[in-house]
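Peer 1: the sequence and its predicted three-dimensional model are supplied below.
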Amino acid sequence: MGIRGLLGHCFRNPEKVGDIEDLVARANSPDGTGIKILVDFTNFLYQLTTFVDGYVKQQNPNKQMRHLGIYGGEYGILHLLVKRFVNTLRHHHIEIVCFVDPSQGTDLDAFTAKLATHKIRHVQDVKKQHQMLQKYKDTHGNSCIESRFPCLTMDQALTTLKSLDVKIQYPKIEAESAIMDYMENCDLYTVVLANDSDFCVMQGCRFIPMDKCTFDITGELRKALFSSHEVPIPLKELKCLIVTPEKVARSFQLENYTELIEVAVLTGSDFTKPFIQQYKLGKGLDKNAETIRRCHKVEHSEIKQKLKANPEFRQAVEYTRKFYKNEKDPVTESSTTITALYSYLEYAVNNGSMNRRVLAWYNKIYSKYLEMEDRENGTPTVYEVTEDIRVSLYAMVSEEGSLMYVNEYGSTNREDYAIKKVHFDDVKGKLPSAINVPSIGRAEQLHLFHRILSQQDFKENKTGQDVHPFFDQYQDHKMSFKCYVINYLIGVVKRPSSNFTLSPKELFAVVYMVFGNHQNVPLRNYSPTVKYLTLSTYIQVIYQHAVHVAELLCIRDIVPEPQHLFIGHVFVHYYTSFSQTGIPGGARSDIQGIWCSLINTNTRLTPEEKTKFINLKCIA
């Protein structure tokens, strides 16, 4: 996100764009009262994935783990690193405040303004992913060193941060604007930690780019994070480059800060970029700085006529100027009508008991993430196989009398980018509105969860007296939750429209990864198959949808953490070794009861299939 080339300019010219400061020394100085680091959470998540890789390499220096980044997620390590990051900084009176970007569609005006940019990026990412998967098909991944953003990174990081009482902000507006508001009103010394070049331009900002050459320059924090010691290691220093917009402007020899904004507009902000590309105005950062030094404003002769002729382009320019000066747009702040249901959902998002995406669903918008999966040969995408869950979610967050569909934006197995209307009128009225869920009681909440995750038809009027095998069988409802995830996965595979199959060994690998004992699972450099990559995505996105259901039904306590459901290196080990050499008898005996329960309970498997799965042969 941000202005293309601007972060690179900062990395090449650190002495011109900012000053190096030791945050430990500042926080612990005699007159110091501590520091707050305002973290752009989205950028932080990507940084965490590199920390995971660094930690594994540090702990296993003699092992080649070139495929670790694509296995699907090392959430136990992620949990450990987030704890260390927070506690190490706290030891030096440095607190972090995390700002979670609103989901696309929470702010209707911002969503509309950025839609063209999001579409371009999504299509580009689809093509990159296709090329990556093709490598694993053509060479079995032997020559690949690829990585992906694990599906549940945000879920695990937020869970860990909440357990540490870290302050988490869920702004309705752009995270950048919310961060600047906080900085302006905070009494403590504050800096922004992000990887978004917009902060190079935001008025009044003190910005640390999230890169090893600008954050933790001497590597002291990374040593503490990757250490084998349990107790946080005190830091000698935490040296960082503090970038300010005034210095960035001077580095381009601009007369003032306002001209830097004009350079950003002309180079392409998230709002103006589609128009810059449409009219082929992009000349690069340095050339645009040269133009602004000469003309001072964007409205020079070359694009003056285009701005006059295109009101949307003109609006994008004005929106960008206000954005960087952090000037409030009253239309943006009131783009959604506030109702009792909306207020209920917003309160739940702000206190962390519901996912931020519910506010976008309320606005009839669902933006699909690009997940790692095989979309060729008619294989249904993970969003197609989970659509019936979303239908129930949409019904619970919609107002009476509103449109009976949600527009879903993203990939299908036929198109790189499409807008699909997903209707929920068959379910509306058969599920309670989210605002009424707290009053229906625990038994009915669990019953509704059972029905949604069991893919039952809501046209049938059933009561809470039905049998709920997993809730009835396990006192620990986190165990029940895991069973529902796997049960749903089996149902997906058995749908007539699905050509995605699971062998008994493959399903056993899933169940053993979720319920088995992983104390001595080795780290090995397996080359994953495309089917493995798709299956790992199915498991995690089904889990994510089940979490959304639990949150709307006010039973968040039944949800296990991602680290207790999916471990990438463990799953790829079981998936590969069970397929190649068979299932050890000890593994079968470890989870015999759960395995038989899952198979016998599933209503999609035929009696013959159940017998085949139950009698799965093992090696001695």
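Peer 2: Looks like it came in fine. Numbering: from 1, shown residues only.
Peer 1: for the stretch 351-500 of the chain, which spans come out with low pLDDT?
Peer 2: Along the stretch 351-500 of the chain, segments meeting pLDDT under 70 span 457-467.
Peer 1: all strands of it, in order?
Peer 2: Taking DSSP state E, counting those that start in this stretch to define them, one finds strands in the stretch 351-500 of the chain at 365-367, 405-410, 418-423.
Peer 1: ditto for the stretch 51-200 of the chain
Peer 2: Using DSSP E, counting those that start in this stretch, the strands of the stretch 51-200 of the chain run over residues 94-99, 167-169, 189-194.
Peer 1: name the residues that touch the last one?
Peer 2: The contact list for strand 189-194, computed with CB atoms under 8 Å, 6 or more residues apart in numbering, reads 23, 26, 32, 34-40, 43-44, 96, 179, 182-183, 199, 205-210, 215, 240, 242. To be clear about C-beta, it is placed using only N, CA and C from the backbone, and glycine gets the same treatment.
Peer 1: now do the contacts for residue 28.
Peer 2: Contacts of residue 28 (CB under 8 Å, 6+ apart): 92-93.
Peer 1: model confidence for it, exactly?
Peer 2: We note a pLDDT of 89 for residue 28 in this prediction.
Peer 1: next one: it from residue 96, what distance?
Peer 2: Using CB to CB, to the nearest Å, residue 28 is found at 17 Å from residue 96.
Peer 1: same check on residue 442?
Peer 2: Counting by CB to CB - residue 442 and residue 96 are separated by 35 Å.
Peer 1: ok, now residue 27?
Peer 2: 12 Å.
Peer 1: same question, residue 482
Peer 2: In this view, residue 482 and residue 96 are 31 Å apart by CB to CB.
Peer 1: these two: which has the busier surroundings?
Peer 2: Counted by other CB atoms under 10 Å, residue 482 and residue 96 do not tie: residue 482 has more neighbours, with 25 against 21.
Peer 1: does the residue lying closest to that one once chain neighbours are set aside lie in a helix or a strand, and which?
Peer 2: Closest residue in space to residue 482, ignoring its immediate chain neighbours: residue 514 at 5.2 Å, by CB to CB, 6 or more residues apart in numbering. Per DSSP states H and E: residue 514 is located in helix 504-515.
Peer 1: name the residues that touch that helix?
Peer 2: Outside helix 504-515, the residues touching it (CB under 8 Å, 6+ apart) are 479, 482, 485-486, 489-490, 502, 535, 539, 565-567, 570-571, 574-575, 578-579, 582-583, 587-588, 590-591, 594-595, 598, 612-613, 616.
Peer 1: and the residue nearest the centre of this protein?
Peer 2: residue 154 (4.8 Å; CA atoms, centre = their mean).
Peer 1: can you pull the contacts of it?
Peer 2: Neighbours of residue 154 in contact, by CB under 8 Å, 6+ apart: 41, 45.
Peer 1: how about residue 317?
Peer 2: Residue 317 touches 265, 271-272, 298, 307, counting by CB under 8 Å, 6+ apart.
Peer 1: export those residues as a markdown table, with columns for pLDDT.
Peer 2: What follows is these, written out as a markdown table (pLDDT from 0 to 100):
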| residue | pLDDT |
| --- | --- |
| 265 | 92 |
| 271 | 85 |
| 272 | 89 |
| 298 | 85 |
| 307 | 90 |
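Peer 1: those: which two are farthest apart?
Peer 2: 271 and 307 (13.5 Å; CB to CB).
Peer 1: show me which of those two is the more surrounded one.
Peer 2: Neighbour totals were compared for residue 271 and residue 307, and residue 271 leads with 23 against 17 (other CB under 10 Å).
Peer 1: so the more buried one sits right up against residue 318, yeah?
Peer 2: No: look at residue 271 against residue 318 with CB atoms under 8 Å: they stay out of range, at 9.3 Å.
Peer 1: next, find the distance separating residue 67 from residue 526.
Peer 2: Distance from residue 67 to residue 526, by CB to CB: 7 Å.
Peer 1: please disregard the earlier target; I meant residue 199.
Peer 2: With distances taken as CB to CB, residue 199 is found 39 Å from residue 526.
Peer 1: same deal with residue 405?
Peer 2: Counting by CB to CB - residue 405 and residue 526 are separated by 42 Å.
Peer 1: between these two, who's got more neighbours?
Peer 2: Higher neighbour count among residue 405 and residue 526: residue 526, with 19 against 16, using other CB under 10 Å.
Peer 1: and that one, what's its pLDDT?
Peer 2: Looking at residue 526, its pLDDT stands at 89.
Peer 1: need phi/psi at it.
Peer 2: phi -70, psi 140 (degrees, to the nearest 10).
Peer 1: can you tell me the SS state at residue 39?
Peer 2: strand (DSSP: H, G, I helix; E, B strand; the rest coil).
Peer 1: is it true that it touches residue 98?
Peer 2: Yes: Residue 39 lies in contact with residue 98 (CB under 8 Å); the separation is 4.9 Å.
Peer 1: return the helix or strand in this protein with minimum mean pLDDT.
Peer 2: Here the helix or strand of the chain ranked lowest by mean pLDDT, DSSP states H and E is helix 330-333, holding a mean of 46.
Peer 1: who touches the helix or strand just after that helix?
Peer 2: Downstream of helix 330-333, the first helix or strand assigned by DSSP H and E is helix 340-350. Residues outside helix 340-350 that contact it (CB under 8 Å, 6+ apart): 170, 172, 336, 354-356, 358-359, 362, 397, 399, 433-435, 551.
Peer 1: redo that, cut-off 10 Å
Peer 2: 100, 102-103, 106, 168-172, 336, 338-339, 353-359, 361-363, 396-400, 402, 433-438, 551-552, 554, 556 (CB atoms under 10 Å, 6 or more residues apart in numbering).
Peer 1: now it: average pLDDT?
Peer 2: The model assigns helix 340-350 a mean pLDDT of 96.
Peer 1: ok, now stretch 248-258?
Peer 2: Stretch 248-258 comes out at a mean pLDDT of 95.
Peer 1: got any residues that touch both of residue 271 and residue 318?
Peer 2: Contacts common to residue 271 and residue 318, judged by CB under 10 Å, 6+ apart, are residue 265.
Peer 1: list the buried residues for stretch 414-429?
Peer 2: Using 16 or more other CB atoms under 10 Å as the test for burial, stretch 414-429 gives 416-417, 420, 422, 424, 427-428.
Peer 1: what number of residues lie near residue 253?
Peer 2: Around residue 253 there are 10 residues (other CB under 10 Å).
Peer 1: so it sits against residue 293, correct?
Peer 2: Yes: judged on CB atoms under 10 Å, residue 253 makes contact with residue 293 at a distance of 6.3 Å.
Peer 1: what packs against the top helix by length along the chain?
Peer 2: With secondary structure taken from DSSP state H, the chain has its longest helix at helix 108-139. Secondary-structure packing of helix 108-139 (3 or more CB pairs under 10 Å, 6 or more residues apart in numbering; DSSP states H and E): helix 273-278, helix 311-325, helix 330-333, strand 365-367, strand 405-410, helix 530-552.
Peer 1: counting neighbours, what do you get for the residue nearest to residue 482?
Peer 2: Based on other CB under 10 Å, the number of other residues close to residue 514 is 24.
Peer 1: pLDDT (mean, whole number) over stretch 279-294?
Peer 2: 88.
Peer 1: dump the C-alpha coordinates for that stretch into PDB.
Peer 2: C-alpha atoms of stretch 279-294 as PDB (Å, rounded to 0.1, in the frame of the first residue of the first chain):
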ATOM      1  CA  TYR A 279      -4.100   8.000 -18.400                       C
ATOM      2  CA  LYS A 280      -0.500   6.700 -18.500                       C
ATOM      3  CA  LEU A 281       0.700   9.600 -16.400                       C
ATOM      4  CA  GLY A 282       3.100   7.600 -14.200                       C
ATOM      5  CA  LYS A 283       6.700   8.800 -14.700                       C
ATOM      6  CA  GLY A 284       8.300   7.500 -11.500                       C
ATOM      7  CA  LEU A 285       8.900   9.200  -8.200                       C
ATOM      8  CA  ASP A 286      12.000  11.200  -9.100                       C
ATOM      9  CA  LYS A 287      10.400  12.600 -12.300                       C
ATOM     10  CA  ASN A 288       7.200  13.500 -10.500                       C
ATOM     11  CA  ALA A 289       9.200  15.300  -7.800                       C
ATOM     12  CA  GLU A 290      10.900  17.200 -10.600                       C
ATOM     13  CA  THR A 291       7.500  18.200 -12.100                       C
ATOM     14  CA  ILE A 292       6.200  19.400  -8.700                       C
ATOM     15  CA  ARG A 293       9.400  21.400  -8.100                       C
ATOM     16  CA  ARG A 294       8.600  23.200 -11.300                       C
END
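Peer 1: no more questions from me, cheers.
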